[in-house]
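[1] Pasting a predicted model and its sequence here:
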Amino acid sequence: MTPMVDLFCLLLIFFMLTATFRAQEAVMVDTPTSISNTITPERHIITLLIAKDNRVFFNVDNGVDTSEHLRGKILQAVGQQYQVKFTPAEIKKFEVMSAFALPMDKLKAWINENDSKVRDEMHTGVPVDSTDNQLLMWIRFARQYYPEFEVAIKGDRDADFKQVKRVIDILQDNNVNKFNLTTSLESVDISLDNL
Amino acid sequence: MAEIIANEGGKQKGKKRAKRYSTHIDMTPTVDLMCLLLTFFMLTTAFSKAKVMEIVLPEKTPKDQKQDAPEVDKDRALNIILIGDNRVLWYNGLADPTKPPLPTLTETDFSDDGIRRVVLQRNKDLFIQIEEMNKGVIEGTLSIPKDSVASRRKRMMTDDKKGPVILIKADEGVKYHNVVDIIDEMAICNVARYALVDINSVEKKMVADYLAAKASGAASLK
């Protein structure tokens, strides 16, 4: 018995120390595959999810540690732009939440909703049309607080390229010209013999 | 949890002894708990980090400033047009309506024998060059520091003067994974020069004509 307990103890400690938790995401995104082996940066990254139904989700991290409060600052700034006022409690709550896909006027209700199931059904997509381009504002203010934000686009295999292109255009309008397209790894073997 | 078993010392009558206790801790609940925690951590840990494909696009030129697109050598240009339903069309050279005839489109797919063969055939020299370097590094016949392999590869690509210049164009209705696949194909085939560009009206018409011709061909076969 004792060796078994020892072993379990060791394994447990190992897993506890190495654990980096899988991030909860509001929507399932099935990424395309590529041979690229570059690893996503962990911090200071804006993640744009593009779901199968072309909804655009926006997510940004809090920075190196939570004391930076980047999410809160960005929310406040964008709120000011659209004349939506957030209470300190709402900002605090928003800081620990994840990706969202809501127009500005629905965001408050989403933050205050306690049932996660209802919350997940609220996502209608961040508006990206030229008439009401809220994604542009989010990216602009995010980069205002931290100019070196990297951008990862995590698109679903079956999302329309047109939508991805629109997102890329918006990013380029913000002078972001380097993108990370999130993909899953696949291996490919080729030789000239099959030519 | 810790049970204390008293020694059965009742058989010897009369003599009074100090009771000997054996302390024995029952480990089973501890093990259960550890097992649960272990399973929890094992299942929730994300071991493989998400991989990314980096792309850098040229800066947008301001609307009031006109800048001509860089000239592409006609002999080196290879155009790949993605259309919906995982279909790929390609043609060599440039489609210039002022200089007929327009190039003919060839259809292929994303399989190993499809677009990869087309690209690889055009990019054979550079591909062999890079593959030979990789092979040399792995087998030890070529001794260069590991971190300079990438920079040497890059230099080979910039020095390449014969390989194709691939223009990738996506038509309406193309799914995102098709575009990622084709960019990935460029990485697989070690293509030095490729660009993601917008489809122009001439090519749109060529695609429409091609599809119409194909549809009428299929109809006449029936």
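    Looks like it came in fine.
[2] first vs last residue of stretch A:50-57, how far apart are they?
    6 Å (CA to CA, to the nearest Å).
[3] now that stretch: mean pLDDT?
    Averaging pLDDT along stretch A:50-57 yields 90.
[4] just stretch B:207-222 next, same as before
    80.
[5] residues of that stretch that come out buried?
    By 16 or more other CB atoms under 10 Å in any protein chain shown, the buried positions in stretch B:207-222 come out as B:207, B:210. (Glycine included, C-beta is placed from N, CA and C.)
[6] Against which helices or strands is whichever helix in chain B runs longest packed?
    Ranked by residue count under DSSP state H, the longest helix found in chain B is helix B:201-221. Applying 3 or more CB pairs under 8 Å, 6 or more residues apart in numbering or on different chains; DSSP states H and E, one finds that helix B:201-221 contacts strand B:77-83, strand B:87-92.
[7] Give me the sheet partners of the shortest one and which way each runs.
    Meaning strand B:87-92. Paired neighbours of strand B:87-92 in the sheet (DSSP bridges): strand B:77-83 (antiparallel), strand B:106-108 (antiparallel).
[8] Single out the most deeply packed of these.
    strand B:77-83 (a mean of 22; mean count of other CB atoms under 10 Å in any protein chain shown).
[9] how big is the angle separating that strand from helix B:201-221?
    Relative orientation of strand B:77-83 versus helix B:201-221 (axes from the mean of the first three to the mean of the last three CA atoms, to 10 degrees): 60 degrees.
[10] Now do strand B:77-83: distance to the chain's middle.
    Strand B:77-83 sits 19 Å away from the centroid of its parent chain (CA atoms, centre = their mean, to the nearest Å).
[11] before we move on, back to that, nearest approach to residue B:144 belongs to which of the helices and strands packed on helix B:201-221?
    Shortest distance between residue B:144 and the helices and strands packed on helix B:201-221, using CB to CB, is found for strand B:77-83: 30.8 Å.
[12] Contacts made by the closest one with the rest, please.
    Contacts to strand B:77-83, defined as CB atoms under 8 Å, 6 or more residues apart in numbering or on different chains, come from residues A:161, B:88-95, B:105, B:115, B:118-119, B:122, B:164-171, B:173-174, B:178-179, B:182, B:199, B:203, B:207, B:211.
[13] go with 6 Å
    For strand B:77-83, the external contacting residues (CB atoms under 6 Å, 6 or more residues apart in numbering or on different chains) are B:88-94, B:122, B:164-171, B:174, B:178.
[14] Go through the strands paired with strand B:87-92 and name the closest to residue A:61.
    strand B:77-83 (33.1 Å).
[15] send the alpha carbons of that closest one over as CSV?
    Provided in CSV are the C-alpha atoms of strand B:77-83 (Å, rounded to 0.1, in the frame of the first residue of the first chain):
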residue,chain,number,x,y,z
ALA,B,77,3.8,33.8,-61.7
LEU,B,78,1.6,30.9,-60.6
ASN,B,79,-2.0,31.9,-59.8
ILE,B,80,-4.0,29.7,-57.5
ILE,B,81,-7.7,30.6,-57.3
LEU,B,82,-9.7,29.0,-54.5
ILE,B,83,-13.4,28.5,-55.2
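[16] So for it, mean pLDDT?
    Averaged over strand B:77-83, pLDDT sits at 89.
[17] same deal with stretch A:133-152?
    On average, stretch A:133-152 scores 87.
[18] got the buried residues for it?
    A:133-143, A:145-146, A:149-152.
[19] Can you check the distance spanned by that stretch, start to finish?
    End-to-end distance for stretch A:133-152, by CA to CA: 19 Å.
[20] what residues does that stretch touch?
    Under CB under 6 Å, 6+ apart, the answer for stretch A:133-152 is A:41, A:44-47, A:58, A:60, A:70, A:73-74, A:77-78, A:81, A:104, A:126-128, A:170-171, A:174, A:176, A:179-180, A:182.
[21] Among the residues you listed, which are located in strands?
    Using DSSP state E, A:45-47, A:58, A:60, A:179-180, A:182 are the members of those that sit in strands.
[22] Closest to residue A:30 out of those?
    residue A:182 (11.1 Å).
[23] pretty sure the closest one is touching residue B:51, no?
    No: counting by CB atoms under 6 Å, residue A:182 does not reach residue B:51; the two are 7.3 Å apart.
[24] Three-state assignment for residue A:130, please.
    Under DSSP: H, G, I helix; E, B strand; the rest coil, residue A:130 falls in the coil class.
[25] Looking at it now. What's its pLDDT?
    The model's pLDDT for residue A:130 equals 80.
[26] Could you count how many residues lie near it?
    Neighbours of residue A:130 under the rule other CB atoms under 10 Å in any protein chain shown: 10.
[27] part of a helix, is residue B:129?
    Yes: if the criterion is three-state DSSP, then residue B:129 is within a helix.
[28] Roughly how far does residue B:167 sit from residue B:82?
    11 Å (CB to CB, to the nearest Å).
[29] If we check chain B, which of the contacts of stretch A:133-152 are in contact?
    A:179-180, A:182 (CB under 6 Å from any CB of the partner chain).
[30] Let me know the closest of these to chain B.
    residue A:180 (3.8 Å; CB to the nearest CB).
[31] okay, now the closest residue to residue B:127 other than its chain neighbours: neighbour count?
    Leaving aside its sequence neighbours, residue B:127 sits nearest to residue B:190 (CB to CB, 6 or more residues apart in numbering or on different chains; 5.1 Å). Using other CB under 10 Å, residue B:190 is surrounded by 21 other residues.
[32] need the contact list for residue B:190.
    Residue B:190 makes contact with B:126-127, B:130, according to CB under 6 Å, 6+ apart.
[33] where's the residue nearest the centre of chain B relative to residue A:148, distance?
    Of all residues in chain B, the one closest to the mean position by CA atoms, centre = their mean is residue B:184, 4.8 Å from it. Distance, residue B:184 to residue A:148, using CB to CB: 27 Å.
[34] ok, how many other residues are close to residue A:92?
    Residue A:92, neighbours per other CB under 10 Å, totals 14.
[35] How about it: what's its closest non-neighbour residue?
    Nearest one to residue A:92, counting by CB to CB, 6+ apart, is residue A:72 at 7.1 Å.
[36] right, and that neighbour touches residue A:91 too?
    Yes: assessed by CB under 6 Å, residue A:72 is found in contact with residue A:91 at 4.4 Å.
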